[in-house]
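[1] predicted model and sequence below, questions to follow.
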Amino acid sequence: MKLDLISLSVIQKALENIAEEMGIVLRRASFSANCKERLDFSCAIFNSEGELVAQAEHIPVHLGAMFSSMDTLLAQYDVNSFNPGDIIILNSPFSGGTHLPDISFILPVFIENKLTFFVTNRAHHSDIGGSTPGSMPGTSTEIYQEGLIIPPVKLYSNGVENDDILNLILSNVRVKEERLGDFRAQRAALIRGEDRLKELATDYGRDFLLNSITQLMELSEDSFRSHLGNFPDKTLKFCDYLDSNGITENPVKIQVAMHKLKDKVIVSFEGTDKQQIGNVNCPKSVVYSCVYYVFRVLTDPSIMTNAGLFRNIEIKIPAGILLDPKIPAAVSSGNVETSQRIVDVLLGALAQSFSEIPAASQGTMNNISLGSTKGVTPFTYYETLGGGTGAGKFHKGTSAIHSHMTNTLNTPIEAFELIFPFRVKKYAIRQNSGGKGKNTGGNGIEKEIECLIDTTISIQSERRAFSPYGLYGGQPGAKGANYVRKRNGEVINLPGRTITELSSGDTLMIKTPGGGGYGKRK
Amino acid sequence: MKCLGIDIGGTFTDLILVDSEKGLATLHKVSSTPNNQSIGTQQGLELFKEKSIKLSNLDVVVHGTTVATNAILEQKGVKTALVATEGFTDVIEIGRQNRSNLYSFYPKRVDPLIPRELRFGISERLDSEGNIVVPLDTDGINEIIEKIQKLGVQSLAISLLFSFFNPTHEIMIGQKIKEVLPNLHISRSSWVLPVFREFDRTSVTVLDAYIAPIMKNYFDSFLEVIQKQDITNPPLILLSSGGVTQIKNAAEKSVETVLSGLAGGVLGGYYSSQLLQLKDVITLDIGGTSTDVASIVNGKIEITSENTISDHPIPLPTIAVQTIGAGGGSIARQKHGILNVGPESAGADPGPACYEKGGNNPTVTDANLIRRLLNPNFFCSGTIKISSEKAEEVMIKLSENLYLKSLEEAAEGVIEVFENNIALALRKVSTEKGLDSRNFALCCFGGGGPLHACSLADRLSISKVIVPPYPGVWSAFGLLTADIKHNFIKSIIKPLNQLVLPLLDSSFEELVHDGIKLCIEDGFSQNEILIDKSVDIRLVGQSYEITVPFSESVKEISESFDKAHEQAYGYSTPEAPHEIINIRVSAFVQLPKFSLAKLPHGEEEPSPESFVEVRRVFLHGKWEEVNVYRKLHLCSGNKIIGPSIIEQADSTILVDSGWMMEVLEDGHIIMKRIQEDKTEYET
């Protein structure tokens, strides 16, 4: 077929726009603060072979993870078993999920009666059951404590809701009305995507559209390959540590080695510690996300994000390590915390050859879940806090912002207090927490939340023991810290991962890490 | 009636004088003078004088300005301080803690308009119902006053948590500071925008304080300039909401003028839609560097509270305009195999390559010239010389990069990508909101709108296109059609049931009172004032509201909401509890409308006088011969079948293949898709 670059240009835009439009629908129609205020979700389009066609730029940690759920789905289901109007739901980290609160919806799109695309979205739900409200228990040791595991199952068949499955799920979660609302929103978004893809196929014809998509993938693959020219001939190695495995204070090592082999980059995690008793274990799908994220940033932003971009990256994860956990490993922190350290390690290795790499950013998402089932209305609330980003050769770090694998918004204080029984006492930039250097790292955040009723808090946070590294003589960023100021004024230190009961009048205080500095300060 | 509209844009200042009795419209375009926009106005007004047109007996003068817009975009506001609840002075810097670009190692955030050393915390706190839990530290105010004096602050924003429920503390602080510093401008959040979400509210209050002194100075100099030209009427200022108000009121809440420059075009489109009795219209304004699109749904201009300006939220009701970087000057480049057109623009200087002022990249205008849709001898009536040779020279390289055999194919490719970008923006204001684009008419203006109108309409399955009589200055014309309007919004945040009605009544009464007061200050009497009440509703647990008309019946409100929800998201849940978030009041006065000059009536067949030439143009992949006409000589009732071209001083209209146009009495052109023979489909 003739290379029709004009149509390609137009089709690329149209596909990206469809993924984006799905996100708009999901955001507006959803109920939980996670989707509507924090934008903790992603939308993507895959072809019938499960290759990424287009995705909306929402949350990087979902980037590779969406591929994995497609892989599992296609491994588990016969292609002929899909029908128009089916929706598959899943969250199992051992079947392409990330952690249990991230629930994926997948809808097969039929064009001319042929399975042609899958549209999918993944949203972080505020609760999916388990031992603590928010389903992110700080100290879990097996996945069963983290909530309900949903393997790929059809929640809708031919457009009809499967009440049994829905009932089963809703019976296992804390705020079921909210789950139901968000499920509806996830479905509405997929249907919008389906409609738009059908329109696009009508405009261009199915075969022409699919051909163009193949070409778009090749274009992305070519640009990645040409970019690889900059990759050095040596092996780049780096290692860094998680503060703890979630249960004991032992640091957990993550190690990477990268080298070029012909047209490919080989990324190996050999030397990384074994699967852990705590919840720092990180599903493979998340590891893929981290690697893809780093290479996505390194390549030209005008290249389309699709399967072609990542075809020449080979990821090696030795069996039995932290990054390929087996049932019943606890994983709730893998997606939100271990992922950030994987990025730190990848960047640390690349910094040896690429001058555009920054020092370490805060390296944590500071996950805080608050909840109670004791009051008049049970509630769960989940949020993450930004921190400092690492400085670079030509840039200072940025303060109080989310870095790398997440980009969720904060919940406005007034929106939070209108719904939940808390009073925020402070929400400020943590001064002088960025690492000093020729360029200073960004500052972290300080937040203080007073409980107005007895509350269970669950924290998953990192960089409380090991600081975010500086580069080329720059100082590390300040470590984060968690405390409680009791009603009587006594201040108690909290560990990085904890489940703690707070009484009315107690105040939770969080200080998030600063980013590393870059270069020696003169 | 004699009305003068002065619309100041980034490149040009447009002036339009309409004399409805004589049926005359006089247009002037002069270069804008960004450093002091009044100078451009003065130069424009001088041109009327040169033509011996008197300006002393005008009925209305309306002004659209980009002074506030530019001050914010260029960060050239005054030195402003902020007083916020202690512990929360960084809220405006942290924003929503997200980055706008996901895939960058160095996320950049727009600098806060007030640096840290000018942000002061004060001990006080309200709870989420507006009850005082920490009393205001009045001694603290004195310390702040000292610092303000020492640091030479010119303007002050006050924004405290939950002040939208209880403004007492904000008012006390304002009064105390005013006593000592009577000349300091003060914007308080409970006045500027009493709605919840502290970052948005603080941000808009800061914007208001940041530009208020600048707007005051600008309005003073503008008044001086027009008074020098013997214009005695108090001029009206166009607000971002599409309403107009007296200068004095505009200066009171200057943040409402932030998008003034964008509103005129939409009003122009609205005027056309009313005239042609069309209820659902998308307005499309294609200029030199950007394209603005907006929608009119069910006879109403779409209003949003989610606009932003350089990443600062503007949660005020403003006309919902989507602006994208696509215009005549948009540059086409091939990168990684993909052709991009815009957002980078050659602007007015150097302009498209064909201007021969140093531009070396192919632009949309160059592409249209190569397709021969533009006439090199009649570009802006021949006042701007453009060179086809130069356009072809720069297109050659692009055509090679795209593996295309001919220049004209490359040119058409550039237009294909350009129009696709605009089509996506048109979808954003229609289909993405759950509205069926097929029910809309497309109203096209700006220099470039009428050339791309049919093709864009085809992309959205729109079958009716409107072209106003003066497409190039239709934004300036739009100014003259605005009504006096004052919008108010207040957060309520209560379950939607019978119990909330008394609270709604008293809250509405307050806002209505404020609205009437401002309309009276604008010079109108009570019986001319109309009131529009609406409410923002959502399901309990949701965080996006939908605005629906207010009714005394809770049931009716719920039903309107469910219907709107169904339309926007494809489902509704009438059984779920609803809550009322905000109430809105719009107080307005309809200003007298004038009619446009009538064209002489003609036959269906255009007169020979209007015929210019038969020209070979490149359309839909092939060269074909089309008739070219001059608009000036067309009469009402003339009908022309596409493909044809109609040229006028300020624009070029393409009647595409499959389309037919008709000239209307008042100079509008309506284009309709020719009905295909239905039997063809049946066979």
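    Thanks, I have the structure now.
[2] list the contacts for the residue in the stretch 251-400 of chain A that chain B sits nearest to?
    Residue nearest to chain B within the stretch 251-400 of chain A: A:Gly386 (3.9 Å; Cβ to the nearest Cβ). The way it works is simple: take the backbone N, C-alpha and C, and place the C-beta from them, glycine included. A:Gly386 makes contact with A:Gln362, A:Ala400, A:Ile401, A:His402, A:Ser403, A:Asn410, A:Gly444, A:Ile445, A:Thr512, B:Ile94, B:Gln97, B:Asn98, according to Cβ atoms under 8 Å, 6 or more residues apart in numbering or on different chains.
[3] phi, psi of the first one?
    Phi and psi for A:Gln362, reported as degrees, to the nearest 10, are phi -60, psi -30.
[4] repeat for the last one
    Phi and psi for B:Asn98, reported as degrees, to the nearest 10, are phi -100, psi 170.
[5] that one touches A:Asn407, doesn't it?
    Yes: in this structure B:Asn98 lies within contact range of A:Asn407 using Cβ atoms under 8 Å: 5.0 Å.
[6] for the two, indicate the residue with more neighbours.
    Of the pair B:Asn98 and A:Asn407, A:Asn407 is the one with more neighbours under other Cβ atoms under 10 Å in any protein chain shown, namely 26 against 18.
[7] identify the residues contacting that one.
    Neighbour list for A:Asn407: A:Leu39, A:His58, A:Ile59, A:Pro60, B:Asn98, B:Arg99, B:Leu102 [criterion: Cβ under 8 Å, 6+ apart].
[8] so who does residue 320 touch?
    Assuming you mean chain A. Neighbours of A:Gly320 in contact, by Cβ under 8 Å, 6+ apart: A:Lys274, A:Gln275.
[9] not quite, I wanted chain B
    B:Ala294, B:Ser295, B:Ile301, B:Glu302, B:Ile303, B:Thr304, B:Asn307, B:Val429.
[10] please parse the chain into its domains.
    Went with chain A since none was named. What automatic domain parsing lists as the domains of chain A is A:5-221, A:358-522.
[11] meant chain B, my bad for not saying
    As given by automatic domain parsing, the domain ranges for chain B are B:9-54, B:73-217, B:330-421, B:489-498+B:512-589.
[12] next, the distance between the ends of the shortest one.
    The reference is to domain B:9-54. End-to-end distance for domain B:9-54, by Cα to Cα, to the nearest Å: 25 Å.
[13] just how off-centre is it within its chain?
    Put simply, domain B:9-54 sits 21 Å off its chain's centre (Cα atoms, centre = their mean, to the nearest Å).
[14] picking up where we left off before, among the contacts of A:Gly386, which ones are in helices?
    Under the assignment DSSP state H, the contacts of A:Gly386 contribute B:Ile94 to helices.
[15] as a markdown table, the contacts of A:Gly386 with pLDDT and distance to A:Ile191 would be great.
    Formatted as a markdown table, the contacts of A:Gly386 follow (pLDDT from 0 to 100; distance: Cβ to Cβ, whole Å):
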| residue | pLDDT | distance to A:Ile191 |
| --- | --- | --- |
| A:Gln362 | 97 | 38 |
| A:Ala400 | 97 | 37 |
| A:Ile401 | 97 | 34 |
| A:His402 | 96 | 30 |
| A:Ser403 | 95 | 34 |
| A:Asn410 | 92 | 30 |
| A:Gly444 | 98 | 41 |
| A:Ile445 | 98 | 38 |
| A:Thr512 | 98 | 39 |
| B:Ile94 | 96 | 36 |
| B:Gln97 | 94 | 31 |
| B:Asn98 | 91 | 27 |
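[16] any chance you could map the strands in the stretch 1-150 of chain B?
    Using DSSP state E, counting those that start in this stretch, the strands of the stretch 1-150 of chain B run over B:2-8, B:12-19, B:24-31, B:60-64, B:80-85, B:119-122, B:125-126, B:132-134.
[17] dump those strands to JSON lines, plus mean neighbour count.
    Converted to JSON lines, these look like this (neighbours: other Cβ atoms under 10 Å in any protein chain shown):
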{"stretch": "strand B:2-8", "mean neighbour count": "26"}
{"stretch": "strand B:12-19", "mean neighbour count": "23"}
{"stretch": "strand B:24-31", "mean neighbour count": "17"}
{"stretch": "strand B:60-64", "mean neighbour count": "24"}
{"stretch": "strand B:80-85", "mean neighbour count": "26"}
{"stretch": "strand B:119-122", "mean neighbour count": "20"}
{"stretch": "strand B:125-126", "mean neighbour count": "22"}
{"stretch": "strand B:132-134", "mean neighbour count": "13"}
